[in-house]
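Novice: Kindly generate the corresponding structure for this input.
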Amino acid sequence: MEKEFTNKVALVTGGAMGIGKAVALLLAEKGAKVVIIDKVKDEAAKVVKEITGDAIAIQADVSKSSDVKNTIEETVKKFGKIDIVSNNAGIQRYGTVESTSENEWDEVINVNLKSVYLVCHFVLPYLKKTKGTIVNMTSVQAFATQRNVAAYTTSKHGIVGLTRSMALDFAKDGIRVNCVAPGTTDTPLLKWAASLDPNPERVYKDCADMHPLGRIASPKEVAEVVVFLASEKASFVTGAIYSVDGGLLLPIGGEPKIAEE
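Specialist: I've put the predicted structure just below:
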């Protein structure tokens with residue numbers, strides 16, 4: 001039986017680890033030819049080795065125009081086309097607007113938001129030919145935030161706006177653009193954030209307790225939604241933001257204390 005993404009070419013940024021890795025593996029499992037883009041060359045190469053199908057790794061800094069342009073051209077040279085783009089590259093830096101340095105601000109915005117613009121800017125001429133699809137990775141912090149994450153929250157809000165703008169601008173070309181907003185997910189980024197606390201295990205527990213489902217997501221759970229949006233099953237879905245957050249955004253605040261009768 002032919003697999004769902006047979007003969008499709010997928011470009012996955014941030015594909016060496018975390019959600020990006022899970023997306024790359026799942027797309028490959030479903031028959032896609034996968035191009036894994038990441039700054040960490042060795043980790044990206046390891047993912048390629050896990051894939052039994054057709055896959056390559058390209059080392060690139062997706063916040064740099066020249067790197068992105070060369071990556072797109074190399075992908076088309078290798079596979080002849082691009083059908084699917086999954087933008088996952090992302091970093092976190094902690095601080096308020098007052099405490100965040102200009103360099104830190106630029107780093108977060110460039111990696112998290114500018115990279116999405118750059119990838120889409122250079123890939124859209126090819127997606128017009130295939131009537132392809134783009135799935136961007138935002139966060140629940142595009143809708144609700146925490147303290148001391150000004151740059152990160154701003155970047156994730158920006159991805160939502162960019163997704164909706166592109167969805168409208170390129171609908172006439174048959175291109176669908178959507179994004180996924182995960183809650184806390186068990187990724188290297190979470191591990192790094194937890195390591196900043198004297199008690200990392202407590203951080204994991206606190207994160208799990210915040211979600212009404214009582215746990216954090218696995219990368220594959222988020223990847224399943226990305227792959228759905230990239231598929232023909234979502235052929236009439238564009239400009240949508242899918243929350244994969246275990247109910248994190250549902251509560252309106254602390255529960256009121258109501259005296260028992």
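Novice: Lowest average confidence across helices and strands of this structure, where is it?
Specialist: Within the chain, judged by mean pLDDT, DSSP states H and E, the helix or strand with the poorest mean is helix 188-195; its value is a mean of 83.
Novice: Which stretches in the protein count as helices?
Specialist: For the chain, the helices defined by DSSP state H occupy 18-29, 41-50, 65-79, 102-109, 115-130, 150-169, 188-195, 200-210, 219-230.
Novice: before we move on, the earlier item: and the least confident helix or strand of the chain with helix 219-230, angle?
Specialist: Counting by axes from the mean of the first three to the mean of the last three C-alpha atoms, to 10 degrees, helix 188-195 lies at 140 degrees to helix 219-230.
Novice: helices or strands next to helix 188-195 in the packing?
Specialist: With contacts defined as 3 or more C-beta pairs under 8 Å, 6 or more residues apart in numbering; DSSP states H and E, the secondary structure elements packing on helix 188-195 are helix 200-210. Yep, even glycine has a C-beta here, placed from its N, CA and C like the rest.
Novice: So what touches the helix it packs on?
Specialist: With contacts defined as C-beta atoms under 8 Å, 6 or more residues apart in numbering, helix 200-210 is touched by 183-184, 190-191, 193-194, 197, 214-216, 248.
Novice: picking that back up, pull out the buried residues from the least confident helix or strand of the chain.
Specialist: For helix 188-195, burial by neighbour count (16 or more other C-beta atoms under 10 Å) applies to 189-190, 193-194.
Novice: Make sure T13 is actually in contact with C120.
Specialist: No - under the criterion of C-beta atoms under 8 Å, T13 lies out of contact with C120, with a separation of 10.7 Å.
Novice: Between these two, which is the more surrounded one?
Specialist: Comparing T13 with C120 by neighbour count (other C-beta atoms under 10 Å), the higher total belongs to T13, at 30 against 21.
Novice: Give the bridge partners for that one, please.
Specialist: Here T13 shows beta-bridge partners I37, assigned using DSSP bridges.
Novice: Name all residues that make contact with it.
Specialist: If you count contacts by C-beta under 8 Å, 6+ apart, T13 has them with 20, 37-38, 62, 86-89, 115, 119.
Novice: just to revisit the earlier point, run through who's touching the least confident helix or strand of the chain.
Specialist: Contact with helix 188-195 is made by 17-18, 90-92, 184, 200, 203-204, 207, 216, as judged by C-beta under 8 Å, 6+ apart.
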